[in-house]
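Engineer: Sharing a model that was predicted from the sequence below.
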Amino acid sequence: MPEDDAARPAAEPDAVAARAAAEEQSAFSHPPVDPDITAAYGDHPDQVIDFYAPHGGEESAPFVVVLHGGAWRAAYDRRHITPFADFLARRGFAVANVEYRRGGGGSGEDADGSVAGRWPDTFDDVAAALDALPGLVREALPQADARRTVITGHSAGGQLALWAAARHLLPADAPWRTERPAPLRGVVALAPIADFAVAEKLDVCAGAALQLLGGEGQFAERQPYADPALLLPTGIATTLVQGRTDVVVPQAVAESYADAAAKAGEVVGLTLLEDVGHFPLIDPAADACAVVAEEIAQLGW
């Protein structure tokens, strides 16, 4: 008996939700992988970086800096992305998995960590970690070739990766501003929250970008200091990898960033993956993860 046409619109969202849930379950099913060494870049417990040595025994390997996602919220720390870091190490990369302060640890509504990010702490940490990395990696992973550094990040971490590559474009009074572009081979941002205006319009991660910047009263004031779509052109090779069926950070967010880059006179690569959602990009069991590794390799090798 033919399916009732009226039932199709209701069935399709259910199927999409089921698929997204299965992808998330797969990505989080891998046990955490302990690093070879951990180093601190500050005094706070979250100001640490895990290092993974390349598994091929290379004397000189491209260096990949990983910034994890999780909507800048405390519930998601770097441990969930350690299988991805290990996956890259098994592909011959030297890897740094950066932790940073997220929502939580405060008082009132922030006490349970449900609020996204900590202003300015989240940005303080990412800037401090990137500034400290050249010295730390020389001690922790001497086989890492810092001249071939690629920064990658997933979801909220994708925003941080794009931001880290654009610090030279920050307003003059920004404490994180650098005088010149970061010495990077490139950026590979994975389903990044790359355009805050579009993200808020779509209510990405339950208003996470709005929360990150301190709420409606401070969003517009702080947006020029944090929104990657307003920090262009970077002059650094950038690729976005995005699943077409991503319901967490929809394709429109990445497309808006790429459009903003084009208007600023910069070509940003946008790799769109069919039948791929949000989490396969960091899931070693997914084909999409191999695509991500190849995108990184094209910049790093």
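Structural biologist: Yes, it's here.
Engineer: Next, give phi and psi for the residue nearest to residue 228 when sequence neighbours are not counted.
Structural biologist: Leaving aside its chain neighbours, residue 228 sits nearest to residue 162 (3.8 Å; criterion: CB to CB, 6 or more residues apart in numbering). No exception for glycine: its C-beta is placed from N, CA and C like everyone else's. Phi and psi for residue 162, reported as degrees, to the nearest 10, are phi -60, psi -40.
Engineer: Residue 64 now?
Structural biologist: phi -110, psi 120.
Engineer: residues in contact with it?
Structural biologist: By CB atoms under 8 Å, 6 or more residues apart in numbering, the residues touching residue 64 are 88, 93-96, 149-152, 296, 300.
Engineer: Below-threshold pLDDT in the stretch 201-301 of the chain: ranges please.
Structural biologist: For the stretch 201-301 of the chain, not a single residue meets the criterion pLDDT under 70.
Engineer: Okay, helices next: where are they in it?
Structural biologist: 208-212, 216-222, 251-263, 287-300 (DSSP state H, counting those that start in this stretch).
Engineer: between those, which one is nearest to residue 53?
Structural biologist: helix 287-300 (15.5 Å; CB to CB).
Engineer: quick one: contacts of that closest one?
Structural biologist: Defining contact as CB under 8 Å, 6+ apart, one finds that helix 287-300 is touched by 62-64, 84, 87-88, 91, 93, 148-150, 152, 185-186, 188, 190, 237, 239, 241, 243, 269, 271, 273, 276, 280-283.
Engineer: for it, the distance to its chain's centre please.
Structural biologist: Counting by CA atoms, centre = their mean, to the nearest Å, helix 287-300 is centred 15 Å from the centre of its parent chain.
Engineer: repeat for stretch 38-47
Structural biologist: With CA atoms, centre = their mean, you get 19 Å for stretch 38-47.
Engineer: buried stuff in it?
Structural biologist: 39, 41, 44, 46-47 (16 or more other CB atoms under 10 Å).
Engineer: how much space between residue 24 and residue 30?
Structural biologist: The gap separating residue 24 from residue 30 is 12 Å, by CB to CB, to the nearest Å.
Engineer: three-state assignment of residue 100?
Structural biologist: coil (DSSP: H, G, I helix; E, B strand; the rest coil).
Engineer: Going forward, the N-terminal residue is numbered 54.
Structural biologist: Yes, from this point I'll number from 54; that puts the last item at residue 153.
Engineer: My guess is it contacts residue 101. True?
Structural biologist: No: contact criterion CB atoms under 8 Å: residue 153 and residue 101 do not qualify, at 9.3 Å.
Engineer: Go through the buried residues of stretch 91-100 and name the one nearest residue 254.
Structural biologist: Out of the buried residues of stretch 91-100, the member with the shortest distance to residue 254 (by CB to CB) is residue 99, at 30.5 Å.
Engineer: Surely the closest one forms part of a helix?
Structural biologist: No: going by three-state DSSP, the assignment for residue 99 is coil, not a helix.
Engineer: got a list of what it touches?
Structural biologist: 130, 152-155, 178.
Engineer: And for residue 338?
Structural biologist: Per CB under 8 Å, 6+ apart, neighbours of residue 338: 79, 83.
Engineer: For residue 130, see how far away it is.
Structural biologist: Taking CB to CB, one finds residue 338 at 21 Å from residue 130.
Engineer: Kindly report the same for residue 96.
Structural biologist: Taking CB to CB, one finds residue 96 at 18 Å from residue 130.
Engineer: for the biggest strand by length in the chain, what is the average pLDDT?
Structural biologist: In the chain, assigned by DSSP state E, the strand with the most residues is strand 197-207. Confidence over strand 197-207 (mean pLDDT, whole number) is 97.
Engineer: Okay, now the sheet partners of that strand, with direction.
Structural biologist: strand 114-120 (parallel), strand 239-243 (parallel) (DSSP bridges).
Engineer: what does the last one contact?
Structural biologist: Meaning strand 239-243. Taking CB under 8 Å, 6+ apart as the rule, strand 239-243 contacts 203-208, 210-212, 214-215, 218, 287, 289-295, 307, 334-335, 345, 348-349, 352-353.
Engineer: check contacts around the residue nearest to residue 118 when sequence neighbours are not counted.
Structural biologist: With sequence-adjacent residues excluded and distances taken as CB to CB, 6+ apart, residue 118 is closest to residue 204, at 4.4 Å. Applying CB under 8 Å, 6+ apart, we find residue 204 in contact with 117-118, 120, 183, 214, 217-218, 235, 237, 239-241.
Engineer: same thing but at 10 Å, please
Structural biologist: Residues near residue 204 by CB atoms under 10 Å, 6 or more residues apart in numbering: 116-120, 149, 151, 183, 186, 210-211, 213-215, 217-218, 235, 237-242, 289, 291, 349, 352.
Engineer: cool, residue 229 as well?
Structural biologist: Shown in contact with residue 229 (CB under 10 Å, 6+ apart): 173, 176-177, 179-181, 183-184, 216-217, 220, 223, 278-279.
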